[in-house]
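Novice: sequence-free structure coming up:
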């Protein structure tokens, strides 16, 4: 009896632990989903704000907003492209490592541009704009290069797979339409010669001439050799002339 009670207690504790673990996992997943949604909403709002500032503000402030918007758009597009491609292509993991190093420079530049948005000294801001513009161009150019290389690689693989698939489909279609393929005529079996048209005196089938040991210059012999005249001998009687009466 005590053993049964012990087993029931252990099962209860096990079920309770599993329930707590499942609850923690569900809460963690929900929290991550909420954080992801909040982050995406914050990015969307900030992008719209930067776009509005780039059109509304003039001078260095408006250009800084344009630089931030360009930097964030390029980096986010490259990140999405690399993460999507790495799930199917293991070779892009090295590209992801390079992008993470590039992201550190991009985040540093974005933070610096964000601080300069509220800079009251416009003269100093104008002096620093060329270097900020150059850094933005270098980072976005590197990000764009990685993104387009990943897309070209994915498109190349898709084209190769499509070519192979098209070849296999053509072969299968030809096998399914096997009755449309003309069968080769047998060449080993000799065909009978056709009889020529009747030319007046002779009719019937003629056989092809076979040349054995004849040269091209030798005249053709007639089909039937005429009978040679019979020789006469002196002891033979002369034929009697017909009597004339």
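Specialist: Arrived safely, thanks for sending. This one's a predicted model, so the numbers in the text were calculated from it and none came from an experiment.
Novice: residue ranges of the strands in this protein, please?
Specialist: In the chain, no strands are defined using DSSP state E.
Novice: please enumerate the helices of this structure.
Specialist: 2-56, 60-86, 92-116, 122-176 (DSSP state H).
Novice: next, format these as CSV and append mean neighbour count.
Specialist: Where C-beta positions appear, they are placed from N, C-alpha and C, glycine not excepted. Output for these, formatted as CSV (neighbours: other CB atoms under 10 Å):
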stretch, mean neighbour count
helix 2-56, 11
helix 60-86, 19
helix 92-116, 15
helix 122-176, 13
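Novice: adding mean pLDDT, write those out as JSON lines.
Specialist: Formatted as JSON lines, the helices of the chain follow (pLDDT from 0 to 100):
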{"stretch": "helix 2-56", "mean pLDDT": "72"}
{"stretch": "helix 60-86", "mean pLDDT": "89"}
{"stretch": "helix 92-116", "mean pLDDT": "91"}
{"stretch": "helix 122-176", "mean pLDDT": "89"}
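Novice: can you get me a residue count around the residue nearest to residue 61 when sequence neighbours are not counted?
Specialist: The shortest distance from residue 61 to any residue other than its chain neighbours is 6.5 Å, reached at residue 117 (CB to CB, 6 or more residues apart in numbering). Using other CB atoms under 10 Å, residue 117 has 15 other residues around it.
Novice: correct me if wrong: residue 117 contacts residue 65.
Specialist: Yes: Residue 117 lies in contact with residue 65 (CB atoms under 8 Å); the separation is 7.0 Å.
Novice: can you give me phi and psi for the residue nearest to residue 61?
Specialist: Main-chain torsions, residue 117, degrees, to the nearest 10: phi -60, psi -30.
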